[in-house]
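In: Pasted the sequence and its predicted model underneath.
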Amino acid sequence: MKTKILLVFLLGILATTGSTCINDGFLVAVNLPMDMCVAINAGSSPAFSGAETLRLADQIDASYLDKIKNARFYDLKVYVTGSHTDTIYNGKCYVNQKKILDFGGAWVDFTTPQSLLSNSKLITRDTTGLKELVSVLNQFKTQPNTVVVLSGEGVLGKRATTGLSVCFEILAQVDADAGAK
């Protein structure tokens with residue numbers, strides 16, 4: 001009997017102190033993938049370059065677009081696909097034509113993605129491109145049709161064989177208000 005009285009008393013306190021407002025919004029982190037790969041043509045030239053234009057709204061579920069509260073990146077990666085036995089020289093990655101990364105080293109080392117988070121010695125960030133990336137993400141919060149151009153270039157130590165690619169990946173997230181209507 002004492003337990004029931006105590007329970008009714010506690011429920012009464014909760015009901016009168018505003019604790020019934022459980023419909024407040026909450027933020028959900030949603031991945032915002034941004035990546036591109038440069039297919040390297042087999043042949044006489046060891047140089048490679050390429051670009052891809054991404055509309056950021058196409059990278060996430062449309063139901064979140066009008067609920068974005070914040071956006072951020074948390075890592076940058078460079079990796080390769082295909083088998084090659086030489087070295088990458090003078091590799092560069094760009095965001096809207098502003099350099100964000102320099103990279104270079106043995107091809108085989110890039111078969112495992114090289115990352116800023118893992119403090120890879122094979123990639124170096126450039127603040128000009130980082131500022132541009134932050135600007136793009138801040139713009140995306142209010143302008144869902146934001147477009148970004150990712151590009152890359154570099155030189156192989158010798159001619160490419162078939163099936164080679166160099167890829168650049170930006171790991172980013174947006175916070176969406178899941179309680180918003």
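Out: That came in fine, so what should we check first?

In: And the strands in this structure, which stretches?
Out: Taking DSSP state E to define them, one finds strands in the chain at 27-31, 34-40, 47-55, 68-81, 87-95, 98-106, 114-115, 123-125, 147-156, 164-177.

In: Columns distance to residue 9 on top of those strands, output as a markdown table?
Out: (Glycine included, C-beta is placed from N, CA and C.) Below are these laid out as a markdown table (distance: least, CB to CB, whole Å):
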| stretch | distance to residue 9 |
| --- | --- |
| strand 27-31 | 34 |
| strand 34-40 | 54 |
| strand 47-55 | 56 |
| strand 68-81 | 38 |
| strand 87-95 | 59 |
| strand 98-106 | 60 |
| strand 114-115 | 55 |
| strand 123-125 | 59 |
| strand 147-156 | 57 |
| strand 164-177 | 35 |
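
In: Nearest to residue 5 among those strands would be which one?
Out: Evaluated over these, closeness to residue 5 peaks at strand 27-31, with 39.0 Å, by CB to CB.

In: Show me which positions of the closest one end up buried.
Out: 27, 30 (16 or more other CB atoms under 10 Å).

In: other SSEs contacting it?
Out: Contacts defined by 3 or more CB pairs under 8 Å, 6 or more residues apart in numbering; DSSP states H and E place strand 27-31 against strand 164-177.

In: least reliable of the strands of the chain going by mean pLDDT?
Out: Ranked by mean pLDDT, those bottom out at strand 27-31, with a mean of 91.

In: hmm, who's touching it?
Out: Contact with strand 27-31 is made by 60-61, 64, 69-70, 171-178, as judged by CB atoms under 8 Å, 6 or more residues apart in numbering.

In: what's the closest of the strands of the chain to residue 141?
Out: In terms of CB to CB, the element of those nearest to residue 141 is strand 68-81, at 5.2 Å.

In: what angle separates that closest one from strand 34-40?
Out: Going by axes from the mean of the first three to the mean of the last three CA atoms, to 10 degrees, strand 68-81 is angled at 20 degrees with respect to strand 34-40.

In: between strand 68-81 and strand 164-177, how big is the angle?
Out: Calculated by the same axes, to 10 degrees, strand 68-81 forms an angle of 160 degrees with strand 164-177.

In: Walk me through which strands strand 68-81 pairs with, and which way each runs.
Out: If you go by DSSP bridges, strand 68-81 pairs up with strand 114-115 (antiparallel), strand 164-177 (antiparallel).

In: Distance to residue 94 and mean neighbour count for those - can I get that in TSV?
Out: TSV is the format used below for the strands paired with strand 68-81 (distance: least, CB to CB, whole Å; neighbours: other CB atoms under 10 Å):
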stretch	distance to residue 94	mean neighbour count
strand 114-115	17	19
strand 164-177	9	21
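
In: Looking at those, which is nearest to residue 88?
Out: Among the strands paired with strand 68-81, the nearest to residue 88 by CB to CB is strand 164-177 (7.0 Å).
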